[in-house]
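> model the structure of this input:
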Amino acid sequence: MPVVHNPDSAFSREMDRWNLPKREGGFNADGYVAFPAMVYKAFPNENGKVMCGDPRTAMGEAKAETFARKCQLTVRSPEELEKALRAGWEETPDAALTRYDTDQRTIADTAAARHFSDQRMSAKAQAEAKVADDATHEHVADVPVRRKRGRPTKKAVSGATSEQDV
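All right, here's what the predicted structure looks like:
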């Protein structure tokens, strides 16, 4: 047998507020709301394993929580979401792990192509490339070129003008 409450009672008014969505002034959920949303990015952990978050956060470890926060970003609008996706963030942790793997393979392929093309360079350029490779354990896809800044020396300029006069 159903229980009937007086619609003018405080209990009925309170129950009506709890059954009304928030957008209409009640306390119930509005339904699906797209934003704020979480996006993810994978990083190598201190032990070298690539992760998107850390399961040790459940135990309250400070380092794990710090790492997990680094892997997550909250976006509050479609514009922020688009900007984050362009910056390398993904909508799911699995997609973030896949993207990290794809990016690393791309860097490795580019570095391998550079190593192949290094065979045709001069000995001095090969030595510079070897120094750049030995400086890090990661793939070096492009060796930075050091060029002198500023104007050429007067000696080079005066030599060039004297040849034109002759």
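
> in the helix or strand harbouring residue 79, what counts as buried?
Per DSSP states H and E, residue 79 falls inside helix 78-86. For helix 78-86, burial by neighbour count (16 or more other CB atoms under 10 Å) applies to 80-81, 84. Glycine gets a C-beta too; all of them are placed from N, C-alpha and C.

> now for the helix ranked longest in the chain, which elements pack on it?
Criterion DSSP state H: the longest helix present in the chain is helix 93-118. When contacts are defined as 3 or more CB pairs under 8 Å, 6 or more residues apart in numbering; DSSP states H and E, helix 93-118 sits against strand 37-40, strand 50-51, helix 123-134.

> Serialize those to CSV and add fields for distance to residue 13 and mean pLDDT.
Output for the helices and strands packed on helix 93-118, formatted as CSV (distance: least, CB to CB, whole Å; pLDDT from 0 to 100):
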stretch, distance to residue 13, mean pLDDT
strand 37-40, 35, 94
strand 50-51, 50, 90
helix 123-134, 73, 82
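
> between those, which one is nearest to residue 105?
strand 50-51 (12.5 Å; CB to CB).

> contacts for the closest one next, please.
Residues from elsewhere that reach strand 50-51, judged by CB atoms under 8 Å, 6 or more residues apart in numbering: 42-45, 67, 71, 97, 100-101.

> right, and the helix or strand after it?
Following strand 50-51 in sequence, per DSSP H and E, is helix 62-70.

> buried set for that next one?
Neighbour-count burial for helix 62-70 [16+ other CB under 10 Å]: 64-65, 67-68.

> next one: stretch 32-40
By 16+ other CB under 10 Å, the buried positions in stretch 32-40 come out as 37, 39-40.

> how about low-confidence regions in the protein?
146, 156-166 (pLDDT under 70).

> 50 - rerun?
166 (pLDDT under 50).

> and residue 141, which of the three is it?
coil (DSSP: H, G, I helix; E, B strand; the rest coil).

> from residue 55, how far off is the nearest residue to it once chain neighbours are set aside?
Counting by CB to CB, 6 or more residues apart in numbering, residue 141 lies nearest to residue 110, which is 4.0 Å off, once chain neighbours are set aside. Counting by CB to CB, to the nearest Å, the gap from residue 110 to residue 55 is 33 Å.

> same deal with residue 36?
24 Å.

> quick one: contacts for residue 3?
So residue 3 contacts nothing (CB under 8 Å, 6+ apart).

> which ones are touching residue 31?
By CB under 8 Å, 6+ apart, residue 31 lies in contact with residue 21.

> quickly find the element holding it.
Here residue 31 is assigned to no helix or strand, by DSSP H and E.

> understood, closing this out.
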